[in-house]
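# based on what follows, work out the 3D shape:
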Amino acid sequence: MSDFKYIHGLTIMRAQPFHIGHQKLIDKMLEECDKVTVILGSIQEQGTSRNPLNYTTRKKMIQNIYKGKEEYDRLKIVGLFDINNPAEWADYVLDFIEESFPMLDKPDVYYAGSSYDAHWFKEHFKFIELVDRTDENFPFVTGSMVRDMIKFGDKRWKNFIAKENHSLVEEYFNKKKGII
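Residues are numbered from 1 along each chain as shown. Predicted coordinates for the structure are as follows:
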C-alpha cells in the first residue's frame, strides 16, 4: 500500500522562467504522487520574447530546487516539442510518455495551475488536480509578469523566483540582453 494519493502525476509547463507558482505545483505533486513527470513544452523555441530560455536552462532551474532532496528520485523532467495541434495535444503527450518511458506507470492524474491548462486532458484523466496559484496566501505570478520585470530591470522578479536560481537567471539574461 502506497503512502501517496496517486501513482503517477503529470504536468506540462513552459517554465519561462520557472517561478514560485510552478514550484508550488510540483511540491503538491511530490506530496501526493509516488512518481512525478514534469514535461517542459515548446523546447523547439528559445530566444523569443515569449520563450527566451532554452530547455537545458529551464530543466536546470527545476533541478536547482529539487536535486539533493529525497523526493528528487521520484521526479522526472523531460522536454517535448510542441505540435501546435490542440485537438491532438493530449494524445501526443500521452503517446510520448508511453513510448519514451515504458517503465513508468501510465499517469493517473494531471496537475495544472488553471482550468484552461487542464482542459486539454479532461477526457484522458479520471483525476485532475488544479493547484490554485492565486489564493490569498500566495502572490499572483505569471511567467509573462516575471519576464517583463527582468526586461525592464525591476528587481522584484527575485520575489517570484527561488534564490537558487537568481544567478542562473541573471547570467542567462545578461548574455541575451535585448531578447526579452
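# what ranges do the strands span in this protein?
Counting by DSSP state E, one finds strands in the chain at the ranges 6-13, 33-40, 75-79, 109-112, 127-130.
# any low-confidence regions in the chain?
Residue ranges of the chain with pLDDT under 70: 1, 176-180.
# which parts of it are helices?
Taking DSSP state H to define them, one finds helices in the chain at 20-32, 55-66, 89-100, 115-118, 143-151, 166-175.
# and the strands of the chain: which comes nearest residue 56?
With C-beta to C-beta, the closest approach to residue 56 among the strands of the chain belongs to strand 75-79: 8.7 Å. Bear in mind the C-beta positions are built from the backbone N, C-alpha and C, glycine included.
# could you say what helices and strands the closest one packs with?
When contacts are defined as 3 or more C-beta pairs under 8 Å, 6 or more residues apart in numbering; DSSP states H and E, strand 75-79 sits against strand 33-40, helix 55-66.
# only alpha carbons, please: show that strand as PDB.
Coordinates of each C-alpha in strand 75-79 appear next as PDB, following Å, rounded to 0.1, in the frame of the first residue of the first chain:
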ATOM      1  CA  LEU A  75      10.800  13.400 -10.200                       C
ATOM      2  CA  LYS A  76      11.300  13.000 -14.000                       C
ATOM      3  CA  ILE A  77      11.900  16.200 -16.100                       C
ATOM      4  CA  VAL A  78      11.700  15.900 -19.800                       C
ATOM      5  CA  GLY A  79      11.300  18.200 -22.800                       C
END
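# one step back: can I get the strands of the chain in CSV with distance to residue 141 and mean neighbour count?
Rendered in CSV, the data for the strands of the chain read as follows (distance: least, C-beta to C-beta, whole Å; neighbours: other C-beta atoms under 10 Å):
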stretch, distance to residue 141, mean neighbour count
strand 6-13, 13, 23
strand 33-40, 17, 22
strand 75-79, 20, 17
strand 109-112, 15, 24
strand 127-130, 16, 16
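# just give the nearest non-adjacent residue to residue 83, would you?
Leaving out its chain neighbours, the residue that sits closest to residue 83 by C-beta to C-beta, 6 or more residues apart in numbering is residue 92, at 5.4 Å.
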